[in-house]
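1. Pasting the sequence and the predicted model now:
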Amino acid sequence: SQQGEEDPQALSIQEGENATMNCSYKTSINNLQWYRQNSGRGLVHLILIRSNEREKHSGRLRVTLDTSKKSSSLLITASRAADTASYFCATVGTDSWGKLQFGAGTQVVVTP
Amino acid sequence: ETGVTQTPRHLVMGMTNKKSLKCEQHLGHNAMYWYKQSAKKPLELMFVYNFKEQTENNSVPSRFSPECPNSSHLFLHLHTLQPEDSALYLCASSLNWDRGSNQPQHFGDGTRLSIL
């Protein structure tokens, strides 16, 4: 069953703008992960945030986690055309043996 | 280069054919996974192998038969598939498969399977 649900389903922005996407989930988690998938390629891991963390940064990426609201956000600052991809959140539940539950993803298009 | 290689990249087969998908990882990981990715649907976990032992079968039909001869190689044998089995099949690996794992998974680029 689907755990993470991303919002919006699609996002179209200009180069240089920031892109924000959200993920909501239903059950208690051990961690939440964000992945990127370019067209015709596999998923690439971006960031993992543990349940006891509230914010994490990696380069132009910023992830927040609010366990009380069961939600996370991914912010891409100063977007580039190369950021065009689908972005997925995935959760590892506290009762899960490392099993990732993926959402359906947010498709981001960055135009030059 | 993710360290996980899948072959073939594309496969077209009839419903009565038998074929196999191959996955190889060069990361020294102990856990390997098969996922199915269909259009507009979340990734579906199919199988998990940890130290060559199958630890998860997510109610996958028997026409999909996995094989893990060692921690670096994973196969998915296909037989008598249905048109709805057309999808992107992704292989992934992680260091281990354990409770509440805080490890990312590393994915291959997938095999695009089309069933005629």
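-> Thanks, I have the structure now. Numbers count the residues shown, from 1 in each chain, chains lettered A, B, ... in the order given.

2. Give me the residues contacting the helix or strand encompassing A:Phe88.
-> Assigned by DSSP states H and E, A:Phe88 belongs to strand A:85-93. Identification of contacts with strand A:85-93 by Cβ atoms under 8 Å, 6 or more residues apart in numbering or on different chains yields A:3-4, A:6, A:21, A:23, A:25, A:27-39, A:43, A:46, A:72, A:74, A:98-108, B:42-43, B:100-102. In short, each C-beta sits where N, CA and C put it, glycine included.

3. one more time with 6 Å
-> Strand A:85-93 is contacted from outside by A:3-4, A:6, A:21, A:23, A:25, A:27, A:29-38, A:100-103, A:105-107, using Cβ atoms under 6 Å, 6 or more residues apart in numbering or on different chains.

4. likewise stretch B:18-29?
-> Applying Cβ under 6 Å, 6+ apart, the external contacts of stretch B:18-29 come out as B:3-7, B:13, B:72-79, B:89, B:91, B:93-95, B:108, B:111.

5. Chain A next: which of those are close?
-> Restricting the contacts of stretch B:18-29 to those within reach of chain A (Cβ under 6 Å from any Cβ of the partner chain) leaves B:Gly108.

6. Which among the contacts of stretch B:18-29 count as buried?
-> For the contacts of stretch B:18-29, a neighbour count by 16 or more other Cβ atoms under 10 Å in any protein chain shown gives the buried set as B:4, B:6, B:13, B:72, B:74-76, B:78, B:89, B:91, B:93-95, B:108, B:111.

7. Quick one: mean pLDDT over the strand holding A:Phe88.
-> The average pLDDT for strand A:85-93 rounds to 95.

8. What ranges does the chain have for its strands?
-> With no chain named, the answer covers chain A. A:5-7, A:10-14, A:19-24, A:29-37, A:43-50, A:55-58, A:61-66, A:71-76, A:85-93, A:100-102, A:106-111 (DSSP state E).

9. The intended chain is chain B.
-> Under DSSP E, chain B gives strands at B:4-7, B:10-13, B:18-25, B:31-37, B:44-50, B:53-57, B:64-70, B:73-79, B:87-94, B:106-107, B:111-115.

10. now the ones you listed as JSON lines including mean pLDDT and distance to A:Ala78?
-> JSON lines is the format used below for the strands of chain B (pLDDT from 0 to 100; distance: least, Cβ to Cβ, whole Å):
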{"stretch": "strand B:4-7", "mean pLDDT": "98", "distance to A:Ala78": "30"}
{"stretch": "strand B:10-13", "mean pLDDT": "96", "distance to A:Ala78": "35"}
{"stretch": "strand B:18-25", "mean pLDDT": "97", "distance to A:Ala78": "33"}
{"stretch": "strand B:31-37", "mean pLDDT": "96", "distance to A:Ala78": "29"}
{"stretch": "strand B:44-50", "mean pLDDT": "94", "distance to A:Ala78": "34"}
{"stretch": "strand B:53-57", "mean pLDDT": "88", "distance to A:Ala78": "40"}
{"stretch": "strand B:64-70", "mean pLDDT": "96", "distance to A:Ala78": "43"}
{"stretch": "strand B:73-79", "mean pLDDT": "97", "distance to A:Ala78": "39"}
{"stretch": "strand B:87-94", "mean pLDDT": "97", "distance to A:Ala78": "30"}
{"stretch": "strand B:106-107", "mean pLDDT": "96", "distance to A:Ala78": "26"}
{"stretch": "strand B:111-115", "mean pLDDT": "96", "distance to A:Ala78": "33"}
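
11. Right, I'll call it a day here.
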